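Asks: below: sequence and its predicted model.
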Amino acid sequence: MSGAFDPSAFRARIGALLDRHARAFGGADDRHAVLRRQLENGDDIHSRATFPGHVTTSAFILDPAGRRVVLVHHRSLARWLQPGGHYEAPESLEQAALREAFEETGVQGLALDPWHPESGLPIDIDSHLIPARPQKGEPEHWHHDIRFVLRAEEGSMHPDLSEVKGAEWRAVAELEVIAPEALRNMRKLGLAHL
């Protein structure tokens, strides 16, 4: 994005992505009911201060063969997940995913999988409920996570231990529990292999 940030244009882009993603991959309409309602209401979904939900981005960092993935141990949720975090306007969704992936893992040489610029789509769009964090003044809310595949050579990492408890290269099959829709889409496209 360039110039001044336009929340209305951002909502329109997210709505168009939802529609195009549904045509490409199918999926139940109820997965995105809260996000669609927020779009209709004109909510500032780009802002992390917007409730009941706001946009986040995350990245599935795969090795070149698509058999290994980087997972981080999330501090707040105490689970192994793909790296990700809050969208920060006016960056692009892809830039946000790359930024979060590097900040949390320190993996060098991250690159957006070529499928993304060719298709103009994320690999998955997932809305999930985040527990309340009273110490931060946050009620229970939704993260509307726009997800991308990044590529990197398997190797050393330098995770930011203020952000995560650790980061590891793991078998891509672990995504069956963490992000089944994303894994299904990656396998359908031949980007990931069990």
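Replies: Nice, thanks for sending it over.
Asks: every contact and neighbour count from this point should use C-alpha atoms.
Replies: OK.
Asks: other residues contacting the biggest helix by length in the chain?
Replies: The helix that spans the most residues within the chain, counting by DSSP state H, is helix 7-25. Contact with helix 7-25 is made by 36, 39, 42, 44, 45, 46, 121, 122, 124, 125, 185, as judged by Cα atoms under 8 Å, 6 or more residues apart in numbering.
Asks: could I get those residues as TSV with neighbour count and pLDDT?
Replies: Converted to TSV, the contacts of helix 7-25 look like this (neighbours: other Cα atoms under 10 Å; pLDDT from 0 to 100):
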residue	neighbour count	pLDDT
36	17	96
39	18	98
42	13	97
44	19	97
45	25	98
46	21	97
121	20	97
122	23	98
124	24	97
125	25	96
185	16	97
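Asks: re the thing from before, beyond the longest helix of the chain, next helix or strand please.
Replies: helix 33-41 (DSSP states H and E).
Asks: can I get the following helix or strand past that next one as PDB, trimmed to CA atoms?
Replies: For helix 33-41, the following helix or strand on the C-terminal side (DSSP H and E) is strand 53-62. The C-alpha trace of strand 53-62 is given here as PDB (Å, rounded to 0.1, in the frame of the first residue of the first chain):
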ATOM      1  CA  GLY A  53     -12.000  -8.900  16.300                       C
ATOM      2  CA  HIS A  54      -9.200  -7.600  14.100                       C
ATOM      3  CA  VAL A  55      -6.800  -8.800  11.400                       C
ATOM      4  CA  THR A  56      -3.600 -10.700  12.200                       C
ATOM      5  CA  THR A  57      -1.200 -12.400   9.800                       C
ATOM      6  CA  SER A  58       0.800 -15.500  10.200                       C
ATOM      7  CA  ALA A  59       3.300 -17.500   8.200                       C
ATOM      8  CA  PHE A  60       4.000 -21.200   7.500                       C
ATOM      9  CA  ILE A  61       7.700 -21.200   7.000                       C
ATOM     10  CA  LEU A  62       8.400 -24.300   5.000                       C
END
